[in-house]
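Engineer: Sequence first, then the predicted structure, then my questions.
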Amino acid sequence: MDRRITNKQMEDLKIDGSIKMIREGLKHTQKVYKGVYEFTNLVKKDVVMSKEICNIKEILKDYLSSTSYINLVHLDDSLPDIEVNQSLFCTAVDNLIRNGLKYNDSDPKLVKVYYEDGFICVEDNGRGITQEEFKYLSEPYTRREGQVEQGMGLGLNICNSILEEHKFTILVEKLKNGSRIKINTKC
């Protein structure tokens, strides 16, 4: 449609907003696909994950730019430049962000991503989770008993696998309101 319809025609037909949503959706889908592709490559024999020095704030901002929840996420200026696989790292952190929003009954919901003492921290104001619960829920297809939110129980498992492939470790602290998930980037 971009090639066949002019901007004026889109405005006249009042479809410019819809076209923008489709463009942004496709952009985000391509980012997710790249992450899945990179992840599936890791299971091949003798594959070495490609990494490059990235500004964490910038890559997360770009990754989240087409999501509906970007306004609920604060990316702090303290986020450093670190050697990561951009697609995989963003996929892992996005999973932590989405969990911080999904399992959250606060109004307003909020997730902060910042850097502190060698850790990239993902902190939410949701229900909170302990290190032991995180470890248990990181097992494949594991969910809390009686949980009403939908899901397959794979998100934390994939997130952990990605961060372990980066040689990063995760520490989890349950806060009064929410959790602080600390990704140790100095391993």
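Structural biologist: Structure's in. What do you need?

Engineer: This protein: strands as residue ranges?
Structural biologist: 52-55, 73-75, 81-84, 111-116, 119-124, 169-175, 178-184 (DSSP state E).

Engineer: In the first one, which residues are buried?
Structural biologist: Under the neighbour-count criterion of 16 or more other C-beta atoms under 10 Å, strand 52-55 has Cys54 buried. C-betas here are computed from N, CA, C, even on glycine.

Engineer: contacting residues around that strand?
Structural biologist: Applying C-beta atoms under 8 Å, 6 or more residues apart in numbering, the external contacts of strand 52-55 come out as 79-84, 86, 89.

Engineer: Check stretch 98-106 too.
Structural biologist: Applying C-beta under 8 Å, 6+ apart, the external contacts of stretch 98-106 come out as 69, 72, 109, 111, 122-127, 129, 149, 155-156, 177-179.

Engineer: CA atoms only for stretch 24-33 - export them in PDB, please.
Structural biologist: Provided in PDB are the C-alpha atoms of stretch 24-33 (Å, rounded to 0.1, in the frame of the first residue of the first chain):
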ATOM      1  CA  GLU A  24       5.000  -0.600  13.500                       C
ATOM      2  CA  GLY A  25       3.500  -4.100  14.000                       C
ATOM      3  CA  LEU A  26       5.600  -5.400  11.200                       C
ATOM      4  CA  LYS A  27       8.700  -3.700  12.500                       C
ATOM      5  CA  HIS A  28       8.200  -5.300  15.900                       C
ATOM      6  CA  THR A  29       7.400  -8.700  14.400                       C
ATOM      7  CA  GLN A  30      10.700  -8.600  12.500                       C
ATOM      8  CA  LYS A  31      12.600  -7.900  15.700                       C
ATOM      9  CA  VAL A  32      10.900 -10.800  17.500                       C
ATOM     10  CA  TYR A  33      11.500 -13.100  14.500                       C
END
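
Engineer: For that stretch, buried residues please.
Structural biologist: Here stretch 24-33 shows 28, 31 as buried, counting by 16+ other C-beta under 10 Å.

Engineer: Now do that stretch, average pLDDT.
Structural biologist: If you average the pLDDT over stretch 24-33, you get 75.

Engineer: Outside of that stretch itself, list whatever touches it.
Structural biologist: Here stretch 24-33 has contacts from 63, 65-67, 87, 90-91, using C-beta under 8 Å, 6+ apart.
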